[in-house]
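**Q** Structure for this input, please:
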Amino acid sequence: MTERPVVKRTARAILLDGDTDPRMILIKRTKPGQQPYWITPGGGVEPEDTSVVEALHREVDEELGAKVTDVVPAFVDTVPHSEGDAPDGGVGVKVQHFFVCRLASMDLSRRHGPEVDEPCGEYEVVRIPFTREGIASVGMVPPSLRAYLDANVEGVRALLADDLG
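**A** Predicted coordinates:
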């Protein structure tokens with residue numbers, strides 16, 4: 001099988017708030033003429049980012065005015081993606097890096113960037129219980145993340161355990 005070129009990388013936060021009965025912070029996206037969907041905070045890795053983790057911190061700051069701690073890689077999703085400057089006519093894959101992290105602080109008045117400055121629809125910050133029921137209560141995308149979280153609620157919490165090392 002031919003290896004597909006990576007044409008985009010993203011950094012996304014599985015962002016938990018609270019130790020007992022944690023809540024997951026999501027963004028409810030509502031675009032004109034479409035059903036709402038829920039995404040994790042994050043976005044594309046930019047050329048000026050020195051690492052994927054740095055991109056995660058930048059994106060969380062832009063979208064939520066937030067700071068995070070205890071950033072732990074949790075899940076990688078690879079999906080087909082087209083982009084103009086990619087080889088072979090722009091067809092390749094997008095690699096989405098998902099990190100479990102704790103919310104250290106959040107001030108929504110500090111949000112900035114394209115989602116705030118030139119919004120396409122609405123970006124509503126929501127908190128859901130980090131339980132199977134909470135995850136099932138929203139139309140989270142991508143579906144592979146929803147399935148991963150549903151199968152691994154306890155494991156994701158364990159990634160933030162004090163004794164992980």
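**Q** Return the distance of the residue lying closest to residue 24 once chain neighbours are set aside relative to residue 79.
**A** In space, and not counting its chain neighbours, residue 24 is closest to residue 130: 4.5 Å by C-beta to C-beta, 6 or more residues apart in numbering. For every residue, glycine as well, the C-beta is placed using N, CA and C. Relative to residue 79, residue 130 is positioned 24 Å away (criterion: C-beta to C-beta, to the nearest Å).
**Q** the more surrounded of those two?
**A** Comparing residue 130 with residue 79 by other C-beta atoms under 10 Å, the one with more neighbours is residue 130, at 21 against 11.
**Q** Let me see the contact set for the more buried one.
**A** 16, 22, 23, 24, 153, 156, 157 (C-beta atoms under 8 Å, 6 or more residues apart in numbering).
**Q** Now residue 141: closest residue in space, sequence neighbours ignored.
**A** Residue 141 sits nearest to residue 37 (C-beta to C-beta, 6+ apart), 5.1 Å away.
**Q** The one you found: neighbour count?
**A** 16.
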